[in-house]
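Asks: Generate a structure from the sequence data that follows.
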Amino acid sequence: MRSVYIIFFYITFFVVTGYSQWQPDIRLTNANGFSTNSELTSSGSSLHAVWQDTRDGNTEIFYKRSTNEGINWEADVQLTNIPNGKSLPTISATGSSVHIVWYENRTGTNDFEIYYKRSTDMGVTWEADVRLTNSAGVSSYPIIKSEASAVNVIWSDTRSGGSGIYYKRSTDGGNSWSDDTLLNDTTGTSSLASLTTTGSNLHLAWSDYRNDGDYEIYYKRSTNGGISWSADTRLTNELRISESPAITSNSNEVHITWVDLRDSNINSEVYYKRSTDNGSTWGPDTRLTVYAHAMNPAILLSGAIVHLSWHNSTGSEIHYRRSLNSGSSWETGIQLSSSFSGAYQPNIAVTGSKAHIIWHDVRNGSTNSELYYDFNPTGNAIGITNISTEMPEVYILSQNYPNPFNPVTNIQFAIPVAGFVKLTVFDMLGREVENLVNKNMNAGTYLAEWNASNYPSGIFFYRLVSDDFSEVKKMILVK
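Replies: Now for the predicted structure:
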């Protein structure tokens, strides 16, 4: 019986300790004016942040990056310099390519269009802006998602009257683009869309007031890379507003969160639901907050871990909650920020075992909004298991299994002495695509799980480095 208590204590201690290891806030910007509407993405061990900024009098698009999982951040980079309004930049990265979209009225007072910019060297240099739309109406609120050479963009557009969701794609990394496509079945009723991609599967969620002016959450998908799309599916059916959806996915699962007024006309709560069959059917709505006055939820799926963040409209602090079992149950939510003035619009990314969140914050004065950042070094570390504490005699890196695999594989390794260990996955071009282990570890035998649902079929390599040991092996992803 005593051993059961010991095991229970170990599991409880590990979960609570890992969950509570969020670090003190880090201020990422320090400039006059407003740094707002930030978004964060990752590629390998690199983090890429984009935001809009008024430090020079105009609203311009700025960028910065970290190449070591948020330990150090490089200087701010101004990506635009044209005296007009620019808003809501979003960012996506895959391999060495970083893609950004935003909307602005560059050519006329009310001529808002979608613009695109990319870097093919991990954000070191940037190509010229590309105008993606030429609409008679207002094109706004863009979202971009990339994977390998596929780049997908959605946005809100009034060209057909009211507000519709439009889509275009590039199959060559942003060199050329398809025509604009209207996605939702009813124009003039859509708002605040969100997009996620996994291979050839694209999942779209948005809020829509086609039903008697009552905003509800709608969903549709493409299973062939955006060539064709399913019919609109209504996911909520409540008397009050359901809006601001955020969506994330892997090869089989799709997870959606949103804010909902069904429990009170003045108190919005965070709700959640999931599909385990690639969006064909959906589970029930799950309420994840109580008296939260929640706004702007963000969600990210990494393996079996679901990361969720939002800010509350009363007190305006950043909150976070996590599921370790693909949304079946949820840990207790925690408050991450200590602004006491206003923290808004969180955005989530992961690298290896780390979870990262960025937001904008007015703690430095109501006329000086700055970007803040926080991370948890073990917040995404469920994929590493210590399978033996017996001390190995030598370093061992085993062949992954299964191999070939789709989309999850296991990598076993052994280290004979305590020390710093790094286990990294690379693609055929030698680009780091995933950092599975990057920390000090005790001697023992470990099992690392890699979920490659966000990567295309192909050959990958994994490398174990510790002390004076280094070894590389090959694995094959087949989808």
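
Asks: Strands along the stretch 351-479 of the chain, start to end?
Replies: 354-361, 370-376, 384-388, 396-397, 408-415, 419-426, 432-441, 444-451, 458-466, 469-477 (DSSP state E, counting those that start in this stretch).

Asks: which of those strands has the lowest average pLDDT?
Replies: Comparing mean pLDDT across the strands of the stretch 351-479 of the chain, the weakest is strand 384-388, with a mean of 79.

Asks: counting contacts, what elements does it pack onto?
Replies: strand 444-451 (3 or more C-beta pairs under 8 Å, 6 or more residues apart in numbering; DSSP states H and E). Heads up, the C-betas are built off the backbone N, CA and C, glycines and all.

Asks: Also compute the angle for the strand it packs on relative to strand 469-477, please.
Replies: Angle, strand 444-451 to strand 469-477, by axes from the mean of the first three to the mean of the last three C-alpha atoms, to 10 degrees: 30 degrees.

Asks: residues in contact with strand 444-451?
Replies: For strand 444-451, the external contacting residues (C-beta atoms under 8 Å, 6 or more residues apart in numbering) are 250, 302-303, 383-392, 396, 400, 407-415, 423, 425, 434, 436-437, 462.

Asks: what's the angle from that strand to strand 432-441?
Replies: Angle, strand 444-451 to strand 432-441, by the same axes, to 10 degrees: 150 degrees.

Asks: what angle separates strand 444-451 from strand 384-388?
Replies: Using the same axes, to 10 degrees: strand 444-451 against strand 384-388 is 150 degrees.

Asks: contacting residues around residue 284?
Replies: residue 273.

Asks: from memory residue 469 sits against residue 392, does it?
Replies: No: under the criterion of C-beta atoms under 8 Å, residue 469 is not in contact with residue 392, lying 11.5 Å apart.

Asks: most packed of the strands of the stretch 351-479 of the chain?
Replies: Using mean count of other C-beta atoms under 10 Å, the stretch among those with the largest mean neighbour count is strand 354-361, at a mean of 26.

Asks: angle of that strand against strand 432-441?
Replies: With the same axes, to 10 degrees applied, the angle from strand 354-361 to strand 432-441 works out at 100 degrees.

Asks: Given strand 354-361, what are its sheet partners and their directions?
Replies: With DSSP bridges as the test, strand 354-361 is paired with strand 343-351 (antiparallel), strand 370-376 (antiparallel).

Asks: Take those strands and lay them out in a markdown table including distance to residue 45.
Replies: As requested, the strands paired with strand 354-361 are exported to a markdown table (distance: least, C-beta to C-beta, whole Å):
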| stretch | distance to residue 45 |
| --- | --- |
| strand 343-351 | 5 |
| strand 370-376 | 13 |
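
Asks: These: which one's closest to residue 199?
Replies: strand 343-351 (18.7 Å; C-beta to C-beta).

Asks: For that closest one, give the mean pLDDT please.
Replies: Strand 343-351 comes out at a mean pLDDT of 94.

Asks: Any idea how far it is from the middle of the chain?
Replies: Relative to its chain's centre, strand 343-351 lies at 8 Å (C-alpha atoms, centre = their mean, to the nearest Å).

Asks: List the beta-bridge partners for residue 448.
Replies: Beta bridges link residue 448 to residue 384, residue 411 when assigned by DSSP bridges.

Asks: Quick check: it vs residue 436, distance?
Replies: From residue 448 across to residue 436, the span is 5 Å (C-beta to C-beta, to the nearest Å).

Asks: OK, contacts around residue 186?
Replies: With C-beta under 8 Å, 6+ apart, residue 186 has these contacts: 208, 210, 232.

Asks: Which residue, other than its chain neighbours, is closest to the first one?
Replies: Nearest-residue entry for residue 208: residue 218, 4.6 Å, with adjacent residues in sequence omitted and distances by C-beta to C-beta, 6 or more residues apart in numbering.

Asks: Run a quick neighbour tally on the one you found.
Replies: As a burial measure, residue 218 scores 26 neighbours (other C-beta atoms under 10 Å).

Asks: Is it correct that it is in contact with residue 234?
Replies: Yes: counting by C-beta under 8 Å, residue 218 touches residue 234, with 5.6 Å between them.

Asks: Spit out the residues that contact those two alike.
Replies: What both residue 218 and residue 234 touch, as defined by C-beta under 8 Å, 6+ apart, is the set residue 208.

Asks: What are the neighbouring residues in contact with the residue nearest to residue 208?
Replies: So residue 218 contacts 184, 190, 205, 206, 207, 208, 232, 233, 234, 235 (C-beta under 8 Å, 6+ apart).

Asks: Okay, and the beta partners of it?
Replies: Residue 218 has these beta-bridge partners by DSSP bridges: residue 206, residue 234.

Asks: where does it land on pLDDT?
Replies: Per-residue confidence at residue 218 stands at 95 (pLDDT).

Asks: Same check on the one 10 residues further on?
Replies: Reading off the confidence values, residue 228 has pLDDT 97.

Asks: Confirm it sits in a helix?
Replies: No: using DSSP: H, G, I helix; E, B strand; the rest coil, the assignment for residue 228 is coil, not a helix.

Asks: Let me see the contact set for it.
Replies: residue 222.

Asks: Distance of it relative to residue 88?
Replies: Separation of residue 228 from residue 88 (C-beta to C-beta): 28 Å.

Asks: Please apply the same query to residue 316.
Replies: 19 Å.

Asks: now residue 408
Replies: Distance of residue 408 to residue 88, computed by C-beta to C-beta: 35 Å.

Asks: picking up where we left off before, how about the strands of the stretch 351-479 of the chain, which one is nearest residue 148?
Replies: Closest among the strands of the stretch 351-479 of the chain, using C-beta to C-beta: strand 458-466, at 8.7 Å.

Asks: what does that closest one rub up against?
Replies: The contact list for strand 458-466, computed with C-beta under 8 Å, 6+ apart, reads 395, 397, 400, 411, 413, 415, 419-428, 433, 436, 450, 452, 470-477.

Asks: and what of stretch 417-424?
Replies: Under C-beta under 8 Å, 6+ apart, the answer for stretch 417-424 is 44-45, 411, 413, 415, 432, 434-443, 448, 462-467.

Asks: can I get the CA coordinates of it in CSV?
Replies: Listed next in CSV are the C-alpha coordinates belonging to stretch 417-424 (Å, rounded to 0.1, in the frame of the first residue of the first chain):
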residue,chain,number,x,y,z
VAL,A,417,25.7,10.0,-16.6
ALA,A,418,23.7,13.0,-15.6
GLY,A,419,24.1,15.9,-17.9
PHE,A,420,22.6,18.1,-20.6
VAL,A,421,20.7,16.2,-23.2
LYS,A,422,19.4,17.4,-26.6
LEU,A,423,17.2,15.2,-28.9
THR,A,424,16.3,17.0,-32.1
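
Asks: residues contacting residue 62?
Replies: 29, 35, 50, 51, 52, 53, 76, 77, 78, 79.

Asks: For the third one, list each beta-bridge partner.
Replies: Spelled out, that is residue 50. Under the criterion used (DSSP bridges), residue 50 bridges to residue 39, residue 63.

Asks: So it sits against residue 88, correct?
Replies: No: between residue 50 and residue 88 there is no contact under C-beta under 8 Å: 10.0 Å.

Asks: picking that back up, turn the strands of the stretch 351-479 of the chain into JSON lines, including distance to residue 280.
Replies: Below are these laid out as JSON lines (distance: least, C-beta to C-beta, whole Å):
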{"stretch": "strand 354-361", "distance to residue 280": "29"}
{"stretch": "strand 370-376", "distance to residue 280": "33"}
{"stretch": "strand 384-388", "distance to residue 280": "32"}
{"stretch": "strand 396-397", "distance to residue 280": "39"}
{"stretch": "strand 408-415", "distance to residue 280": "21"}
{"stretch": "strand 419-426", "distance to residue 280": "30"}
{"stretch": "strand 432-441", "distance to residue 280": "28"}
{"stretch": "strand 444-451", "distance to residue 280": "21"}
{"stretch": "strand 458-466", "distance to residue 280": "27"}
{"stretch": "strand 469-477", "distance to residue 280": "24"}
